[in-house]
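>>> Give me a model of this one.
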Amino acid sequence: MADPAFRPFTPADAAWLAERHGTLYAQAEGFDDTFAPLVAGILADFIADHDPAREAGWIVEAGGKAVGSIFCVRLDDHTAKLRLFLLEPVMRGRGLGQRMLAHCMGFARKAGYARMELWTHESHKAACALYAANGWRLAAWKPVHSFGVDLVEQSWKIDL
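Modelled structure (predicted):
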């Protein structure tokens with residue numbers, strides 16, 4: 001497969017991205033059918049009202065096919081939020097997640113943010129290990145019942 005390349009997210013990517021989130025999280029985590037609509041709503045909000053100077057989303061392609069995504073959005077003037085970090089299972093274990101994370105964090109720095117935050121689940125072991133290896137720190141966690149399953153939500157933070 002060709003070397004993965006980053007390109008800007010476009011509204012035409014929204015349906016694919018919501019579907020892949022829904023499908024992959026259902027397969028891996030047992031999420032119910034409420035998750036894909038949540039992702040679709042996040043994407044609709046981004047499409048309708050984002051500041052291109054301080055917010056961006058990227059689709060990662062390999063061999064002409066979308067294989068992942070990552071977004072940087074504004075929480076406040078000093079804080080960006082990492083969102084919608086997704087990588088197809090066949091692409092994992094190749095260092096691509098590291099490249100995606102570095103790309104997103106680099107954008108946040110250039111956009112003038114002093115820190116970043118993200119929200120995830122404890123069950124995403126590889127992603128959590130990636131965040132920790134890049135200097136992110138676990139800031140909070142709590143047990144929840146979301147998307148039809150019991151989870152431990154986590155918030156991670158990093159100073160840029």
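
>>> Does residue 61 touch residue 5 like I think?
Yes: with contact defined as CB atoms under 8 Å, residue 61 counts as touching residue 5 (5.5 Å). For glycine as for every other residue, the C-beta is placed from the backbone atoms N, C-alpha and C.

>>> ok, those two, which is more surrounded?
Remark: of residue 61 and residue 5, residue 61 carries more neighbours, 15 against 11, as counted by other CB atoms under 10 Å.

>>> and the more buried one, what helix or strand is that in?
strand 56-62 (DSSP states H and E).

>>> What mean pLDDT does that strand get?
Mean per-residue pLDDT for strand 56-62: 97.

>>> Could you check that strand and say which residues are buried?
56, 57, 58, 59, 60, 62 (16 or more other CB atoms under 10 Å).

>>> for stretch 67-77, same thing?
For stretch 67-77, by 16+ other CB under 10 Å, it's 67, 68, 69, 70, 71, 72, 73, 74.

>>> Give me the distance between residue 110 and residue 119.
Residue 110 sits 23 Å away from residue 119, going by CB to CB, to the nearest Å.

>>> Likewise for residue 5?
Counting by CB to CB, the gap from residue 5 to residue 119 is 27 Å.

>>> Toward the C-terminus, what is the element adjacent to the host helix or strand of residue 138?
Per DSSP H and E, residue 138 falls inside strand 137-146. For strand 137-146, the following helix or strand on the C-terminal side (DSSP H and E) is strand 149-159.

>>> Export only the CA atoms of that following strand, formatted as PDB.
Extracted C-alpha coordinates of strand 149-159, given in PDB (Å, rounded to 0.1, in the frame of the first residue of the first chain):
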ATOM      1  CA  VAL A 149     -21.800  -0.300  27.400                       C
ATOM      2  CA  ASP A 150     -20.000   0.300  30.700                       C
ATOM      3  CA  LEU A 151     -16.800   2.400  30.200                       C
ATOM      4  CA  VAL A 152     -14.300   4.400  32.000                       C
ATOM      5  CA  GLU A 153     -14.100   7.900  30.400                       C
ATOM      6  CA  GLN A 154     -10.700   9.600  30.500                       C
ATOM      7  CA  SER A 155      -9.600  13.200  30.000                       C
ATOM      8  CA  TRP A 156      -6.000  13.700  29.000                       C
ATOM      9  CA  LYS A 157      -4.100  17.100  28.800                       C
ATOM     10  CA  ILE A 158      -0.800  18.400  27.500                       C
ATOM     11  CA  ASP A 159       1.000  21.700  27.600                       C
END
